[in-house]
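# Curious how this folds, go ahead:
(chains A and B)
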Amino acid sequence: MINIDTPEKIVKMKAGLNNLAKGMLRPISRKYDEAEHEYPKELDVFRGMSIMGRKPKKNGDEAGKSKAKDNGEFKVGQNLGTVVSVEEMCWGDAALLLSLPNAGLGNAAISAVATDEQLEKFGNKWASMAITEPASGSDSGSIQASAELDGDEWVLNGEKIFVTCADRCDVAVVWARVKGVEGSSAIKSFIVEKGTPGFKLEHLEHKLGIRASDTGTFVLNNCRIPKANLLGGDSEKKKKTEGFKGVMKTFDNTRPMVAAMAIGVARAAIDFTREQMEEAGISIDYSANPNNVSSLLKEFYMMEANLEAMRLLTWRAAWMADNEEENTLEASMSKAKAGRYGTLITQKCCELLGPMGYSRKFLAEKWMRDSKIMDIFEGTGQIQHLIIARNILKLTRNELK
Amino acid sequence: MFGFSMSKEQKMVSKEVSKLVKGLVMDSAHEMDENKEIPENIIQKAWELGASVSLVPEEYGGHGMEDSPIESIIILEEMAYGDMAFAVAATSPSLFINPLVTMGTEEQKKTYLPLYCKDSYTPCTLALNEPHFGADVMALKTTAEKKGDSFVINGAKCFVPMGDKAGHMLVAASLDGVNNLFIVAGDNPGLTVSEREKNIGCYALPSFEIEFKDCLVPSKDRLGGDTGCDYARFIQKTRVGMAAMAAGIARASYEFAKGYAKERVQFGEPIANRQSIAFMLAEMSYEVDSIRLLAQKAASELAAGKDVSRSSYLAKMYAGEMSMKVADYGVQIMGGHGYIREYPVERYYRNARGIALLEGMAIV
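Model prediction:
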C-alpha cells in the first residue's frame, strides 16, 4: 500500500540524529574546513558506530539483513535508516560524515559483498574505496591498474586517485584488472592493508569543498596481497557478487546515500535561510497564491519543494533496496535529482542571503562548496542521466554512449 | 504501514481506470479537443467507475467506502493521463460531493447528495477561481453578507467546469472576512452564466464565468451550517488533486516523447540514441515521479489526518512548475512534429499550463 507519511519511528530517529549533528558536527564544521586534512579527533567517539553500511555480521545472519517487514509492524530497513541518518549527519557537516571512522565507501562495499571470513577480518577496519585513476574517471570499465595471481598472492600495480579517507583508512578496496582476462569481467576489487610493501599514499588533494575529508592518491608498485583478499572471494561460487558487476551493484545502495548527503547539505542551507528570513520579519505562509508572493518567497518555496522531491526519490530507492526490489533506475534518479538540485539550492541560498551568503563568517558559502561534490562523486550527474536513459529507453551501452 | 508500492486493491483501481482511459479516452482526445466536446457516453462510462460517489454513505446513494486520498490520486493521475479536459469534466461532481460529505450538515447531505449520486452522471460543480489580477482563493473577492434568513452573494467566478449544466454548485465567498462555501442552485436568478470560456487548454471542457449579483442563498445552505466549514483544508485537498492530475499530464507527455524518440531516425539512428535527447527524457522520467511522490506524500498525510497545509502547497507548486517543464520538453524533443496538433504533446503543453494558474479543478 502506498503510504509515505513519515513514520513516527523515523521522526524520532531524525530528531535524535539531528541533535547529535547539531551538538557534535556543527560546532567543529568551520574548524576542519579551515584545517584541511587534519584528523577531526572529536569524531573518535563515533568509532564502532554504524552510520554507513551494516555492522560486521555474518552473511545469512537474519539480524544483519535489511528486511523491512516483520510481523506487520513497520521497521526502518537498513538502507532507509542509512539515508535518514546520512541526511541528518550531513545537515551537521558532510565532510565530517565522510571522516567518520570506519564509515568509508570501502566499508559499504565490504558490507555488501564480502565473504564471512573477510567480514570477520576486515569488518571492523576503516576501509576506503580506490577506483578512479588519472585516465579513468566515469568510465570505470577502463581502469588500468593490474592484478596478477602469483602463487598464493595477488600482485597489484597502478595508480589510484581521489580516494576518500586515503590517509585515515586502515585498508583500501582497490579495483584492478586481472591480467589475462578480457572485458569488464576482468575487473575485480581487492582489499589492500595499509603498510603492505609497495602500497603508498602519494599525496592528499586540496579541494573546493569537503575539505575535512582526506582525499588522496595511492600508488601500487608490485604490491603483494594474500589471494584471500579478493573481495567477495572466488567468483565461481558467488555469482551475485561477480567482479565488476558485483561492485557496480554496490552503487545501487551507495548512490541514494550520496543523494542523502546532498539533501542534508541543501537542508542546512534552507534552514539557515529560513531563520534569517524569519528574523527579518518575512513570514512563511503555505497558503497564498505563489504568483502573488515575493520573488524571494517563491524561490524559497520552490527550494523546499525540490528538497522534498529529492528526499522522496531517495527514500523510495532505499526502501526498494530494503524490500529486495531492483532499484538501479531509482537509485540513479535520486542521485541525479539530488546532486543537481542540492547544488542549485545551496547556490540560491547564498544568493538570497546576500552578504551573509558570501562571508566565511557563516556556513552558507561552505555548504555551497560542499554540495558541489554530490553531483560529481559516485557517478556524476551526467553518468546518472546516462544510466536512467539507458534504463528507460532500453538501450545498451553501445547504443547510448 | 510505510511503503512506496501499490497494494493489490490500489493496483486494481489503477488498472481499471487505465483500461477505460486507454480504450475510450486517449484515442478520441484529439477529436474531443478539436470538436470542443466530450461525448456523453465517455463521461458516463467514467461516472460508472463510481469514484465520485465512493465515499457517499449508502443511504444517500453512494458506496459508503472509506475516504482514501491515495486512491483518489491514483484515479486522477490515470484520468489526466488520458486527457485533462476529460478528467476535470468527469470528476467535477466530486468538487461538490466531496466537501458535502466531509463538511456538510446532515440536512445538507440528505437534501443534496441523493440528487447527484444517481446511476447517470449529473453535473454539479464548484465556483472558486476569480477573474481578476492577483486572484487568490485564500483571499476571495466574492462576498457573502448575512441578510435576514439569507446570505447575499456578490462577485464573479471563472473557470467553473460544467457551470452551465450544474444543478448545484459550491460557491466560495468571504463572509465577514472568513472564507466559506455556499450551496447555490444553478437556476438561482441571482447568478448569470457567461458564454463558454475560450482558454489556452482543455478545449473540450465546458467552463464558464459566473456573475453573482445580489444572489440570495438561504441560511441553511452555508456549508457546514452556522459554524461554516474548514475551507483551508478543502483548498488543500484540491491542491493535492491537481498535483495528481499534473503527474498524469506529465507522464503522458514523457511517454509519448519517449516512444517517438525511439522511432524517429535522423542521421542514421533513432534520436533516442543521442545524449541530448536521452538526457531530457531521463530528466522527464524522474520529474514525473517527483510530482507523483509529492502528491502521494500529501495524500498520505491527509489519510493520517495530519495538517497538510505545507505538503499540499508544495505539491501543487512543484506540480505546476514541473509538469510545465516536462510538457515543454515533450514538445521540444519532437521538434516540428511536436508543434503540430496531429500529435498530442502540444495539447499536453497547453493543458499543463492550467495546473499552476488554476485552483480547485480536482479534489481528493
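
# For the closest residue to chain B within the stretch 51-200 of chain A, grab phi and psi.
Proximity to chain B, evaluated over the stretch 51-200 of chain A using C-beta to the nearest C-beta, is greatest for A:Phe74 at 5.1 Å. Bear in mind the C-beta positions are built from the backbone N, C-alpha and C, glycine included. The phi/psi pair for A:Phe74 (degrees, to the nearest 10) reads phi -70, psi 130.

# close enough to count as contact, it and A:Asp322?
No - the pair A:Phe74 / A:Asp322 is not scored as a contact, 11.1 Å apart, by C-beta atoms under 8 Å.

# More neighbours: which of the two?
A:Asp322 (23 against 16; other C-beta atoms under 10 Å in any protein chain shown).

# pretty sure the more buried one contacts A:Val83?
No - applying C-beta under 8 Å, one finds A:Asp322 not in contact with A:Val83, separated by 10.2 Å.

# Outline the domain layout of chain A.
A:8-111, A:126-240, A:244-393 (automatic domain parsing).

# now swap in chain B and tell me
B:8-116, B:125-227, B:231-357.

# JSON lines for these, including mean pLDDT?
Below are the domains of chain B laid out as JSON lines (pLDDT from 0 to 100):
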{"stretch": "domain B:8-116", "mean pLDDT": "95"}
{"stretch": "domain B:125-227", "mean pLDDT": "97"}
{"stretch": "domain B:231-357", "mean pLDDT": "97"}
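
# of those, which approaches A:Leu393 most closely?
Ranking the domains of chain B by proximity to A:Leu393 (C-beta to C-beta) places domain B:231-357 first, at 5.0 Å.

# and the nearest residue to A:Ala336 once chain neighbours are set aside, what element?
Distance criterion C-beta to C-beta, 6 or more residues apart in numbering or on different chains; nearest residue to A:Ala336, sequence neighbours excluded, is A:Gln384 at 3.7 Å. Assigned by DSSP states H and E, A:Gln384 falls within helix A:381-393.

# ok, residues contacting that helix?
A:138, A:255, A:328-329, A:332-333, A:335-336, A:339-340, A:375, A:379, A:395-397, A:399-400, B:258, B:261-262, B:272, B:275, B:278-279, B:281-283, B:285-286 (C-beta atoms under 8 Å, 6 or more residues apart in numbering or on different chains).

# Then stretch A:280-299?
A:274, A:277-278, A:300-301, A:348, A:352, B:134-139, B:232, B:235, B:309-310, B:313-314, B:317, B:320, B:356-357, B:359.

# For ChimeraX, what selects the buried ones among these?
Entered in ChimeraX, the line below selects the buried ones among the contacts of stretch A:280-299, by 16 or more other C-beta atoms under 10 Å in any protein chain shown:
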select /A:274,277,300,301,348,352 /B:135,136,137,138,235,309,310,313,314,317,320,356,357,359
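
# Longest helix in the chain, by number of residues?
I'll assume chain A. helix A:243-279 (DSSP state H).

# you looked at the wrong chain, it should be chain B
Longest helix in chain B, counting by DSSP H: helix B:231-263.

# That one to helix A:381-393, inter-axis angle?
Here the directions of helix B:231-263 and helix A:381-393 differ by 80 degrees (axes from the mean of the first three to the mean of the last three C-alpha atoms, to 10 degrees).

# Enumerate the beta-bridge partners assigned to the residue lying closest to A:Gly198 once chain neighbours are set aside.
Computed as C-beta to C-beta, 6+ apart, the closest residue to A:Gly198 that is not its neighbour in sequence is A:Cys223, at 3.5 Å. Here A:Cys223 sits in beta bridges with A:Leu156, going by DSSP bridges.

# so what's A:Cys223 up against?
Per C-beta under 8 Å, 6+ apart, neighbours of A:Cys223: A:155-157, A:192, A:196-199.

# try it again with 6 Å
Counting by C-beta atoms under 6 Å, 6 or more residues apart in numbering or on different chains, A:Cys223 touches A:156, A:196, A:198-199.

# In helices, which of those appear?
Per DSSP H, the subset of the contacts of A:Cys223 in helices is empty.

# Would you mind giving me the PyMOL syntax to select the buried ones in those?
In PyMOL syntax, the buried subset of the contacts of A:Cys223 is picked out as below (16+ other C-beta under 10 Å):
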select buried, chain A and resi 156+196+199
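
# Need the contacts of A:Cys223 in CSV (columns: pLDDT).
Shown next, in CSV, are those (pLDDT from 0 to 100):
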residue, pLDDT
A:Leu156, 98
A:Thr196, 97
A:Gly198, 97
A:Phe199, 98
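
# Could you measure from A:Glu73 over to A:Met320?
Distance, A:Glu73 to A:Met320, by C-beta to C-beta, to the nearest Å: 20 Å.

# So for the two, which sits in the more crowded spot?
For A:Glu73 versus A:Met320, neighbours defined as other C-beta under 10 Å are more numerous around A:Met320 (24 against 8).

# mind listing what's buried in stretch A:376-391?
A:376-381, A:383-391.

# Show me where the chain has its helices.
Defaulting to chain A. So, for chain A - with DSSP H - the helices run A:8-20, A:29-34, A:78-98, A:105-113, A:116-122, A:243-279, A:295-322, A:328-353, A:355-358, A:364-371, A:381-393.

# that's the wrong chain, I wanted chain B
Under DSSP H, chain B gives helices at B:8-20, B:29-35, B:40-47, B:69-82, B:84-103, B:106-116, B:231-263, B:275-303, B:309-334, B:336-339, B:345-357.

# before we move on, the earlier item: so which of the contacts of A:Cys223 belong to strands?
A:156, A:199 (DSSP state E).

# Mind putting the contacts of A:Cys223 into TSV with distance to A:Leu313?
Below are the contacts of A:Cys223 laid out as TSV (distance: C-beta to C-beta, whole Å):
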residue	distance to A:Leu313
A:Leu156	37
A:Thr196	40
A:Gly198	43
A:Phe199	38
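
# ok, which pair from the contacts of A:Cys223 is furthest apart?
A:Leu156 and A:Thr196 (9.0 Å).

# burial of B:Gly335, as a residue count?
13.

# now do B:Phe234
When neighbours are counted by other C-beta under 10 Å, B:Phe234 comes out with 25.

# swap in A:Pro27?
A:Pro27 - counted by other C-beta under 10 Å - has 12 other residues nearby.
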